[in-house]
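Asks: got a sequence here, can you build the structure:
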Amino acid sequence: MNVIPFNDLSRDSLEHRHAYQHALDEVIQSGWYISGPHVSSFCEQFARYLAVRSCIGVGNGTDALEIGLRALEVGLGDEVITVANAGGYSSTAIALVGAIPVYVDINEHDHLMNVELVSAALTKKTKAVIATHLYGSCVNMQRLIEITSTAGIPILEDCAQAHGAEVPVNGCLHKAGASGTLGAFSFYPTKNLGCFGDGGALVTQDEQLAQTCCSLARYGWRHKRYMVSDAKGRNSRLDEVQAAMLLEKLPRLDAGNERRREILQRYVHAVSSNEDVLMLQADDKRGVAHLAVARTQDRVHFQAYCDHKRIQTAIHYPILDHHQSGFSPIRVGSDLEVSERTNSQITSLPCFPTLAEEEVTYVCDALSRYRLSWNP
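Replies: Numbering: from 1, shown residues only. Purely as a prediction, here's the structure:
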């Protein structure tokens, strides 16, 4: 068996090469490269897919989080509740608006925000909660909405790893991004819906909030071009090339997500009788398996085993946010015992739609045979 890549974007690119080339040719021939018909069409179609009123294309996922926080009027000295195990993206956006991240712990079984800890972390300074849908699974939005609505606190959903995931709210299934006050998406190439560079979007059911996001992403122009109406606006745009590529990929998103789920379920089954490996998975199984994350007692040993088996791995994420020297000031809103204890145990395995059947079978066999007693 050749080396099994952690991800290989070229497989999709080559399989759909002619469609992507045709889309690129359309943009080139149009002579319209910024804020044109492809961006408008993608935003309309993505909003329809999510069942939201508005979608605003922006430059990347971090811009989406920052602009979303500004639209929610989060600023200097305000507090935003989030988690510390999600790679620093929410903390970066919080810092950019001058606010303070407040970290709460995660659940043991899925590593998502433990929403029951949010109430105790709320203060008079709390201005928002960022709910990060990590690894393709969704935070318990029903319970989080119940907790935050009483206090009048808005929810910004970080959906960078959850394109197409579903979450139950009030007896109905909602796509990730559709039940919070705002939803922020990244279209970084490795995402479930990824473009050929950087790209992002904000989505909402609130038309006035959508107008504010659009203005903040376009220099603060609200009423007409070159007239700055909103303070702290900036330039963040999804371009025509990336929108054209996303339009080609969007119809295949659900099929790709289903393949990801299938791969993750096979990994789960492979370790079902193995006490030395645990695959993380949310209870409701409505996630989209953006990452297949294993937990082991000795990550160095497990990664050495995978290297020996020629299986590429990664770590998402190696350093908790409150241990990053660049994030200051911060506040720890709860005991982070689960975050601390499990951070050295997680390893991400190959899980992408074009992973070949024989590759999945090989990884499953390797997982089932792994033991802490293994020696190279």
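
Asks: and the gap between the residue nearest to residue 205 when sequence neighbours are not counted and residue 183?
Replies: In this structure, residue 205 finds its nearest non-sequential neighbour in residue 53, 5.1 Å apart by Cβ to Cβ, 6 or more residues apart in numbering. Bear in mind the C-beta positions are built from the backbone N, C-alpha and C, glycine included. From residue 53 across to residue 183, the span is 12 Å (Cβ to Cβ, to the nearest Å).

Asks: just residue 41 next, same as before
Replies: Residue 41 sits 19 Å away from residue 183, going by Cβ to Cβ.

Asks: pLDDT score assigned to the closest residue to residue 343 other than its chain neighbours?
Replies: Among residues not flanking residue 343 along the chain, residue 320 sits closest, at 5.6 Å (Cβ to Cβ, 6+ apart). Predicted confidence (pLDDT) for residue 320: 98.

Asks: residues contacting residue 320?
Replies: Shown in contact with residue 320 (Cβ atoms under 8 Å, 6 or more residues apart in numbering): 84-85, 336, 339-340, 343.

Asks: more neighbours: which of residue 41 and residue 183?
Replies: residue 183 (28 against 14; other Cβ atoms under 10 Å).

Asks: surely that one touches residue 203?
Replies: Yes: counting by Cβ atoms under 8 Å, residue 183 touches residue 203, with 4.4 Å between them.

Asks: what residues do these two have in common as contacts?
Replies: 50, 52, 177.

Asks: and what about residue 244, helix, strand or coil?
Replies: helix (DSSP: H, G, I helix; E, B strand; the rest coil).

Asks: give me the neighbour count for it.
Replies: Count around residue 244 with other Cβ under 10 Å applied: 26.

Asks: right, and it touches residue 28 too?
Replies: No: Residue 244 is beyond contact range of residue 28, at 9.9 Å (criterion: Cβ under 8 Å).

Asks: report pLDDT for residue 282.
Replies: Reported pLDDT for residue 282: 78.

Asks: a strand runs through it, doesn't it?
Replies: No: under three-state DSSP, residue 282 falls outside any strand and is assigned coil.

Asks: gap between it and residue 128?
Replies: 23 Å.

Asks: of the two, who's got more company?
Replies: Taking neighbours as other Cβ under 10 Å, residue 282 and residue 128 compare with residue 128 leading, 26 against 22.

Asks: doesn't residue 155 make contact with that one?
Replies: Yes: with contact defined as Cβ under 8 Å, residue 128 and residue 155 form a contacting pair (7.3 Å).

Asks: for the chain, which segments count as strands?
Replies: With DSSP state E as the criterion, the chain has strands at 54-58, 79-83, 100-104, 126-132, 155-158, 166-169, 172-175, 182-186, 200-204, 278-279, 292-295, 331-332, 346-349.

Asks: just put those strands in JSON lines and tack on distance to residue 33 and mean pLDDT.
Replies: Formatted as JSON lines, the strands of the chain follow (distance: least, Cβ to Cβ, whole Å; pLDDT from 0 to 100):
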{"stretch": "strand 54-58", "distance to residue 33": "13", "mean pLDDT": "98"}
{"stretch": "strand 79-83", "distance to residue 33": "35", "mean pLDDT": "98"}
{"stretch": "strand 100-104", "distance to residue 33": "36", "mean pLDDT": "98"}
{"stretch": "strand 126-132", "distance to residue 33": "32", "mean pLDDT": "98"}
{"stretch": "strand 155-158", "distance to residue 33": "29", "mean pLDDT": "98"}
{"stretch": "strand 166-169", "distance to residue 33": "35", "mean pLDDT": "96"}
{"stretch": "strand 172-175", "distance to residue 33": "29", "mean pLDDT": "96"}
{"stretch": "strand 182-186", "distance to residue 33": "21", "mean pLDDT": "98"}
{"stretch": "strand 200-204", "distance to residue 33": "18", "mean pLDDT": "98"}
{"stretch": "strand 278-279", "distance to residue 33": "43", "mean pLDDT": "97"}
{"stretch": "strand 292-295", "distance to residue 33": "37", "mean pLDDT": "98"}
{"stretch": "strand 331-332", "distance to residue 33": "43", "mean pLDDT": "92"}
{"stretch": "strand 346-349", "distance to residue 33": "35", "mean pLDDT": "98"}
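
Asks: what would these look like in JSON lines with distance to residue 213?
Replies: Converted to JSON lines, these look like this (distance: least, Cβ to Cβ, whole Å):
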{"stretch": "strand 54-58", "distance to residue 213": "5"}
{"stretch": "strand 79-83", "distance to residue 213": "17"}
{"stretch": "strand 100-104", "distance to residue 213": "21"}
{"stretch": "strand 126-132", "distance to residue 213": "14"}
{"stretch": "strand 155-158", "distance to residue 213": "11"}
{"stretch": "strand 166-169", "distance to residue 213": "22"}
{"stretch": "strand 172-175", "distance to residue 213": "18"}
{"stretch": "strand 182-186", "distance to residue 213": "7"}
{"stretch": "strand 200-204", "distance to residue 213": "5"}
{"stretch": "strand 278-279", "distance to residue 213": "37"}
{"stretch": "strand 292-295", "distance to residue 213": "31"}
{"stretch": "strand 331-332", "distance to residue 213": "27"}
{"stretch": "strand 346-349", "distance to residue 213": "31"}
